[in-house]
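Q: Need a 3D model of the sequence below.
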Amino acid sequence: MPLISNRLLFLAPRRRIRSDSESFAGPELDLTLEAPMVADATAIARSAERDLLDDIDRAIALEGLASDALDAEWRGLDTYPRLTTVPSVTVIIPTLNEEPNIAWVLQRIPDWVEEIIIVDGGSKDRTVEVARAVRPDVRVVVELRKGKGVALRTGFAAATREAIVMLDADGSMDPAEIEDFVRALDAGYDLVKGSRACQGGDSTDLTATRQLGNLALRGLVNLLYSANFTELCYGYMALRRTSIPAMGLASDGFEIETEIVVNSLRRGLRITEVPSIEAQRLNGVSHLHPVRDGMRVLSTILRSRFSRTTPRQATPPALAPDSIG
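A: Alright, predicted model coming up:
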């Protein structure tokens, strides 16, 4: 019995030790349960990969739709100026005491116009100061000789861009129409005339005297030059800088607008008209004298038509000696 009892005593601790071991093995068994979690992580990764591939497929499909939409948007941009053959634009504005009007004009010139030149005839008011305040990038050339023709020829000499647009400073011409003139130049024309008389054009500033004179002078030009213009005595025009030498311009006053047209006809330049709406000047009094300037226009028409020589192939215009840039 003692031996058996000793053996039983000996076995009892072993059972306790084994029991402890078994109880300690519990966590080990718990650790073995993490294997399914690893499998779940692999499945999750594979599922995420499949989702990513699906997202890529959807993105490719959406990219195709976006490309189609972008193509449609670009086709819609065909209505905007396409400056392909006309790379850049200069706007020339002759001024003389136009302080109340110049800000309105400058604020409405399109942002894509790269150069604005004001040719000032020695204004006594704050025309130049207001212009520079509104558009700090404006170029001011002071031309002390009198006459719109002198001012425009000086502006032509100072211009550095290919397309030149002539714009009055009194607010009677809408700067938003510049786009129509530039588009016509871009289509291949050398001279683009604004017309108040063609479809889409109008004027609230034409007096009966001016309208009658314009009608007679236009009819004379159409007759003598075999043209079909709807407008003549209107200064809203655009032309190519490279075409100016061929025009042989020499006029000093308002008749330069007609000289540009008739000399272009004689040189065989390409001319078209675009509709334009003329408003009354915003403030001040016009510098135009209908009878005196009308006679000068008539003289220009006849001289150009019956001159034995075509307008000279002039050298590029130069700034007048007394001009201040």
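Q: in the chain, which spans are helices?
A: Applying DSSP state H to the chain gives helices spanning 2-32, 35-76, 99-107, 127-134, 148-158, 178-186, 208-225, 244-247, 256-266, 290-306.
Q: worst average pLDDT in those helices?
A: Comparing mean pLDDT across those, the weakest is helix 2-32, with a mean of 46.
Q: Around Pro100, count how many other residues there are.
A: Pro100 has 17 neighbouring residues, counting by other Cβ atoms under 10 Å. Bear in mind the C-beta positions are built from the backbone N, C-alpha and C, glycine included.
Q: List the contacts of it.
A: 282-284 (Cβ atoms under 8 Å, 6 or more residues apart in numbering).
Q: Pull out the buried residues from the residues you listed.
A: Among these, those classed as buried by 16 or more other Cβ atoms under 10 Å are 282, 284.
Q: Dump the contacts of Pro100 to JSON lines, plus distance to Arg308.
A: As requested, those are arranged in JSON lines below (distance: Cβ to Cβ, whole Å):
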{"residue": "Leu282", "distance to Arg308": "45"}
{"residue": "Asn283", "distance to Arg308": "46"}
{"residue": "Gly284", "distance to Arg308": "42"}
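Q: out of the contacts of Pro100, who's nearest Asp120?
A: Using Cβ to Cβ, Gly284 comes nearest to Asp120 of the contacts of Pro100, at 14.9 Å.
Q: Check what pLDDT that closest one gets.
A: Note on Gly284: pLDDT of 86.
Q: Leu96 is in contact with that one, correct?
A: No - Gly284 is not in contact with Leu96 according to Cβ atoms under 8 Å; the separation is 9.7 Å.
Q: most centrally placed residue in the protein?
A: Centroid-nearest residue in the chain, with Cα atoms, centre = their mean: Trp112, separated by 3.1 Å.
Q: Need the pLDDT of that residue.
A: We have a pLDDT of 94 for Trp112.
Q: surely it meets Arg161?
A: No - at 11.4 Å, Trp112 and Arg161 do not qualify as touching, with contact defined as Cβ under 8 Å.
Q: Return every residue with contacts to both of those two.
A: Shared contacts of Trp112 and Arg161, counting by Cβ under 8 Å, 6+ apart, come down to Val89.
Q: Run a quick neighbour tally on Val91.
A: There are 26 residues near Val91, going by other Cβ under 10 Å.
Q: what's Glu98 in contact with, if anything?
A: 123, 125, 127, 169-170, 284.
Q: Turn the residues you listed into JSON lines, including distance to Asp293.
A: Listed next are the contacts of Glu98 as JSON lines, based on distance: Cβ to Cβ, whole Å:
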{"residue": "Ser123", "distance to Asp293": "21"}
{"residue": "Asp125", "distance to Asp293": "24"}
{"residue": "Thr127", "distance to Asp293": "22"}
{"residue": "Ala169", "distance to Asp293": "18"}
{"residue": "Asp170", "distance to Asp293": "16"}
{"residue": "Gly284", "distance to Asp293": "17"}
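Q: Could you single out the nearest of those to Leu269?
A: Leu269 has its nearest neighbour among these in Ala169, at 26.7 Å by Cβ to Cβ.
Q: Tell me the spacing between that closest one and Val134.
A: Noted for Ala169: a distance of 12 Å to Val134, by Cβ to Cβ, to the nearest Å.
Q: Quickly list what's touching both of the two.
A: Ile102.
Q: who's more crowded, these two?
A: Neighbours were counted for Ala169 and for Val134 using other Cβ under 10 Å; Ala169 has more, 27 against 15.
Q: I'd assumed Asn101 was in contact with the more buried one.
A: Yes - between Ala169 and Asn101 there is a contact at 5.8 Å, judged by Cβ under 8 Å.
Q: picking that back up, what's the closest of the contacts of Glu98 to Glu179?
A: Nearest to Glu179 out of the contacts of Glu98 is Ala169 (Cβ to Cβ; 19.5 Å).
Q: wait, what's in contact with Arg132?
A: 138, 140.
Q: wait, Arg218 sits on Leu232?
A: Yes - applying Cβ under 8 Å as the test, Arg218 and Leu232 come out as touching, 4.0 Å apart.
Q: the more surrounded of those two?
A: A direct count of neighbours by other Cβ under 10 Å for Arg218 and Leu232 places Leu232 higher, at 25 against 22.
Q: Alright, that wraps it up for me.
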